[in-house]
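**Q** kindly return the folded structure for what I paste below:
(2 chains)
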Amino acid sequence: MASKTIRPEEPMATVKSAVVPNEAAIPKKEPPLYLSIHERLNETIIKRSIPEGSIIKEGPLASVFGVSRAPVRRALQMLSEARIIKPAKGQGFVVGKATDGEILSFQDLQSIFLDSEELEVARTPAWENIYESVRLDVTNCLPFGTFQINESIACEHFSVGRTALREALTKLQDHGLLEKSNRSHWIAGPLTARDVHESFEVRRLLEPEAFAQSVASVEKATFRVMLEKVAAVLRNLEEAPPEAVEDIENDLHQVLLENAKNRRLLEAIDRNQLPFIVNRIFRRNFGLKPDLPALEDHAEILSQLLKNRLDVARTMLDAHLAKAEKNTLAKLRVLSTLPKPVTAPYLINVH
Amino acid sequence: MSDQTLRVLGTSVTLLDVVQDLARRDLDIDIEFDVRGGVEAQQKGILRPDDYDIYDQWFHSIDLLWTAGAIQPIQCDRLEFWEDIGNLTKFGSLNNGSNLGAGNRPMDIQFVQEDGSLGSHPMPRISAVPTAYNADSFSYEPKLMPTTLEVGSESWGWLLSREWRGKVGLNTDPSIGIADMILAAQAMDLVEFEDVGNLSIEEIDALVDELILLKKAGHFAGFWSTVKDSVDFMLKRKGRIGGIWSPAASKLRARDVPVRIAAPIEGYRAWHSCLCLSSRLPPEKADAAYQYLNWWLSGRPGAVLARQGYYSSTPNKTKTNLSNAEWDYWYAGKPASEDLSDPQGRKIIKKGAVREGGSHQDRMSNIVMWNTLMDEQNYLVRRWSELLTA
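**A** Down below sits the predicted model:
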């Protein structure tokens, strides 16, 4: 029997979130700063190196540890929740169960912590620890509107100070992924077709030149390894994971350019990564098999390199970029149908 | 529903009860219509190809489904009536010198090219089977028209004119509602557009900013996403004018609301429907699917849709399924020689009435714009939702 069903009220089945973090792209991180600080304070209090009844405050502690206040505040809150310290009547926290005693100064704290082993926090610059996470949060929201970064929430979210956060944001600005508004707000998005077109225009002007400068000094064995990766995906197109395709893209558009002598050229290319963001979000939202003609382009370019036909390879790279622009713009149009994803709490949707 | 049931996803524009009943009588296959609002059908079409066998929607959404890998090529040589497809569908115009209109025409993305992209160069495989089309405008009740306006000067600008303030309804579909507003803003000289079929970021901003101001000033009486909602909107008398489509106008007429479908001096906004095969169509259903595609070109459903004002991609086949009186009114633009009924059999056209805008030839030769996806579609949609929530 044929039947007709009208189900306007039925909600769509869960639409996959557009934000699918690329786990592989997140480097293994040190434990968060606040946990290291929590551990150091906890040990010191348990060993009774800090006299019971002393009042400790986040400002002097942050100075002693050489970190911002945010991670210290979070560590103190945890200790307070565990009743190892308790809020003092004024500012700060009282150590142990005794009544309020003396406020420990920076010097007091320094002597206590200098007596113990060197503090195991803040080994790598704080901005480096958070950079990849911020980059993914920001790039994943770019096609979905305009977002403003709330610095306070971001500092809290990552347990870092403003200096570290701003350093990470400045790096993103250098890569063309963030902008500063007239009012000095950090603004991400919206990623437009014009952005994609302009990025491709720059890449088409610069990338073939960098490619030509670089590949002459690349070992043939490298081309063979890269070609084998493409062949492996072509042999099993249906099953190829998105990471394998991203790796192949990375080989052609990044690794093969790295030997270019002109560093400014490479930096300029590096600042035009927007097309890859569209492709990544698209690939992770639609269970698509890889784009066969594009992969065949990769294979052909690498084959030409193996035959020492650098000019042919260069021309093919240019044609490949032209086709990629058309495909990327079509994908950006498809992203227009995806609902806004859930974004990191510090990314405030402006519109 | 058996495993062999053909699942058709689309909107109430073409998936009518009577069409389904006719398909059941004509074809020996089980069919289930999954009827949704335009945007919802499109989103499901893109994201869930497993959940339908046939996608029945507008040509301008094909680019999205094709890019997302949700549909598969259709073999032209399996379409019995492919050669009966009319010139409007094949060439985008009925004769040389017609107004082609801005935006993408169906034939621009009809054929699967060698490199896997969609284009106009004829090839053995196609992206979609073209079915119904129409020249759209807006509708209103003439007796409620402001006295300063007259029927002969119908313009898209009416949708944004002060005379209709507080009485205008708007479709929420970001490709269709916005097209109506582009044409209205252009007619009113509110915003200047270089190409109404492909707006720049600055033009989108200028238009949406104007519309937000108008919305806050109470210009719009309501927004809708389905034909049913648009009918309710007009029935409640909140709205007096809006992008009411032909089936909605038929429904209103069936309830004795004498709406007039405007023939704007600037020309019509055209659209074309089509059928696609899901990329996940099980091979054992392929024969049934092609049977259904062929049926749509046979003229049988084309005749049903003609009675709500739609044209068919195979007009000659459709003609043989209509009475002379019906053909003369709906296609030839002649006065109705008798009372005429809608697809459900309710009398909606009185003897002597003439279709607004004239004949098929007249109406389809005056296209100002095709429903289209712009390069900045993503930006447009984000700003459009800002308007809807403003």
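
**Q** now do the contacts for A:Ala212.
**A** Counting by Cβ atoms under 8 Å, 6 or more residues apart in numbering or on different chains, A:Ala212 makes contact with A:Leu310, A:Arg314. Where you see a C-beta, it was placed from the backbone N, CA and C, and this is true even at glycine.

**Q** SS state for it?
**A** On the three-state scheme (DSSP: H, G, I helix; E, B strand; the rest coil), A:Ala212 is labelled helix.

**Q** what are the ranges of the helices in the chain?
**A** All of this is about chain A. In chain A, the helices defined using DSSP state H lie at A:33-46, A:58-65, A:69-81, A:106-115, A:126-141, A:151-158, A:162-174, A:193-215, A:220-235, A:242-253, A:263-270, A:274-285, A:292-306, A:310-335.

**Q** chain B is the one I meant
**A** Assigned by DSSP H, the helices in chain B fall at B:17-26, B:38-47, B:62-67, B:87-91, B:177-187, B:201-216, B:227-235, B:246-254, B:286-297, B:300-306, B:315-319, B:324-330, B:360-364, B:377-389.

**Q** can you pull the buried residues of the first one?
**A** It stands for helix B:17-26. The neighbour-count check on helix B:17-26 (16 or more other Cβ atoms under 10 Å in any protein chain shown) flags B:Val18, B:Val19, B:Gln20, B:Leu22, B:Ala23 as buried.

**Q** can you pull out the low-pLDDT segments for the chain?
**A** Picking chain A for this. For chain A, the stretches with pLDDT under 70 are A:1-31, A:114-124, A:287-288.

**Q** correction: the question concerned chain B.
**A** Looking at chain B by pLDDT under 70, you get B:1-2, B:96-99.

**Q** how about the residues of the stretch 151-300 of chain A by chain B?
**A** A:Pro190, A:Leu191, A:Thr192, A:Ala193, A:Arg194, A:Phe286, A:Gly287, A:Leu288, A:Lys289, A:Asp291, A:Leu292, A:Pro293 (Cβ under 8 Å from any Cβ of the partner chain).

**Q** what about those, which one has the most neighbours?
**A** A:Leu191 (27 neighbours; other Cβ atoms under 10 Å in any protein chain shown).

**Q** hmm, B:Phe91 is touching B:Pro106, no?
**A** No: using Cβ atoms under 8 Å, B:Phe91 is not in contact with B:Pro106; the gap is 10.0 Å.

**Q** the two: which is more packed in?
**A** Just comparing B:Phe91 and B:Pro106: by other Cβ under 10 Å the higher neighbour count belongs to B:Pro106, 27 against 15.

**Q** where does chain A get nearest to chain B, which residue?
**A** Nearest to chain B in chain A, going by Cβ to the nearest Cβ, is A:Ser336, at a distance of 3.9 Å.

**Q** that residue and B:Tyr268, how far apart?
**A** In this view, A:Ser336 and B:Tyr268 are 25 Å apart by Cβ to Cβ, to the nearest Å.

**Q** between the two, who's got more neighbours?
**A** Shown here are A:Ser336 and B:Tyr268; by other Cβ under 10 Å, B:Tyr268 has more neighbours (26 against 21).

**Q** now for the buried residues of helix B:17-26, which pair is the farthest apart?
**A** Pairwise distances across those (Cβ to Cβ) peak at 9.7 Å, for the pair B:Val18 and B:Ala23.
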